[in-house]
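**Student:** No letters, just coordinates:
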């Protein structure tokens, strides 16, 4: 029977995610990671291979959690109410290391460098956009929004507004709750 | 008569702005700067003092240019038309080193570190928001938007949407022009 590793891999990935999410890719050194995760260089290498490989794992975790949470809300309250709740949910979590979206932060930091992790972040954002489009489509089928809207276009605008909201929520001079209310109210006019 | 410095300070600040804008604070080393600006360490120090001092100058330049461009548009075409043009203008410039807003990128990168440059970026964003509010107020006084709206709240939402749009414009899977059209169209419903 293989010996169980002496660390909890999932917990380490969650810790690394929070560090990357807060400090960014360039702002997080291998030393920062080894120290936060309490791993010696050899163990770090054995467990994750490299900083970039670990970063990719944290992006995946972050994106999967986000889609799962949205879809669970939609199952519970229906597609339109879930879309109206989402702006509040993403700025309301007290335990997040940052309010801005980790995927968007990664993309903004690394896309101009042509870095592989920017592509990965971009793919995860596209998946999230597709989830939004699915919910807009379901809301339309349920007659909750008018038949003339293009769900994909609605999803792109909605995601863009959410990305802006999450950036805005990091600012002290902005009332992000009002912005979230206004994004949600816009959906009632569709 | 003091000897004129052998470099064009304004041009160097513009070059440094583009480098910081594209690569971020952590992603731009002193060496990158010295090499891009073609300055020896001693000359760099004499001209700008430090990387952070130069970064602050580039933020200031970036912010002043943004406000001046917006206000020139408003003088030319009136407040509401300027606000409707702005989303297109900020994603349409071919020569920008990045589409995402430099102030927002700086804030997202450095705010969680408590870095002084994040405060500076935040102040510049607040100034920009105040300019948007001024234009919404003028549009209201001119009867171009309804009397019941709060210009400050409109400005906060509008700026948030623009920040999201500019992030979205860096993505290949998003039609940012459609999002800009939809932001502009929203203003007609006010």
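**Tutor:** Structure received. Everything numeric in this text was worked out from a predicted model, so none of it was measured.

**Student:** In chain A, which residue sits closest to chain B?
**Tutor:** Chain A approaches chain B most closely through residue A:164 (2.7 Å), counting by Cβ to the nearest Cβ. Yep, even glycine has a C-beta here, placed from its N, CA and C like the rest.

**Student:** Could you check how far that residue is from residue A:51?
**Tutor:** 29 Å (Cβ to Cβ, to the nearest Å).

**Student:** ok, these two, which is more surrounded?
**Tutor:** residue A:164 (29 against 19; other Cβ atoms under 10 Å in any protein chain shown).

**Student:** three-state assignment of the spatially closest residue to the residue of chain A closest to chain B that is not a sequence neighbour?
**Tutor:** Nearest-residue entry for residue A:164: residue B:164, 2.7 Å, with adjacent residues in sequence omitted and distances by Cβ to Cβ, 6 or more residues apart in numbering or on different chains. Following DSSP: H, G, I helix; E, B strand; the rest coil, we place residue B:164 in the helix state.

**Student:** same deal with residue A:27?
**Tutor:** coil.

**Student:** For it, give me its contacts.
**Tutor:** Taking Cβ atoms under 8 Å, 6 or more residues apart in numbering or on different chains, we find residue A:27 in contact with B:26, B:109, B:113.

**Student:** what helix or strand does the second one sit in?
**Tutor:** Read that as residue B:109. Using DSSP states H and E, residue B:109 sits in helix B:102-110.

**Student:** how much does that helix deviate in direction from helix A:102-110?
**Tutor:** Helix B:102-110 and helix A:102-110 are oriented at 110 degrees to each other (axes from the mean of the first three to the mean of the last three Cα atoms, to 10 degrees).

**Student:** The helix or strand that comes right after helix B:102-110: which residues count as buried?
**Tutor:** Under the assignment DSSP H and E, the closest C-terminal helix or strand after helix B:102-110 is helix B:116-141. Neighbour counts over helix B:116-141 (16 or more other Cβ atoms under 10 Å in any protein chain shown) mark B:117-118, B:120-122, B:124-126, B:128-129, B:131-140 as buried.

**Student:** any idea how far residue A:77 is from residue A:181?
**Tutor:** In terms of Cβ to Cβ, residue A:181 sits 17 Å off from residue A:77.

**Student:** More neighbours: those two, which one.
**Tutor:** More crowded of residue A:181 and residue A:77, by other Cβ under 10 Å: residue A:181, with 16 against 13.

**Student:** which SSE is that one in?
**Tutor:** helix A:176-188.

**Student:** Could you list the residues in contact with that helix?
**Tutor:** A:80, A:83-85, A:87-88, A:91, A:99, A:145, A:158, A:161-162, A:165, A:168-169, B:153, B:156-157, B:160, B:186.

**Student:** Got a quick ChimeraX command for the buried subset of these?
**Tutor:** Applying 16+ other Cβ under 10 Å to those leaves a buried subset, and the ChimeraX line that selects it is:
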select /A:80,83,84,85,87,91,99,145,158,161,162,165,168,169 /B:153,156,157,160,186
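
**Student:** From the contacts of helix A:176-188, which land in strands?
**Tutor:** Taking DSSP state E, every one of the contacts of helix A:176-188 sits outside strands.

**Student:** low pLDDT regions in chain A?
**Tutor:** A:1-7, A:93 (pLDDT under 70).

**Student:** number of nearby residues for residue A:79?
**Tutor:** With other Cβ under 10 Å as criterion, residue A:79 counts 24.

**Student:** gap between it and residue A:133?
**Tutor:** To residue A:133, residue A:79 is 11 Å away according to Cβ to Cβ.

**Student:** Now do the contacts for residue A:86.
**Tutor:** Per Cβ under 8 Å, 6+ apart, neighbours of residue A:86: A:70, A:73, A:162.

**Student:** again with residue A:116
**Tutor:** residue A:52.
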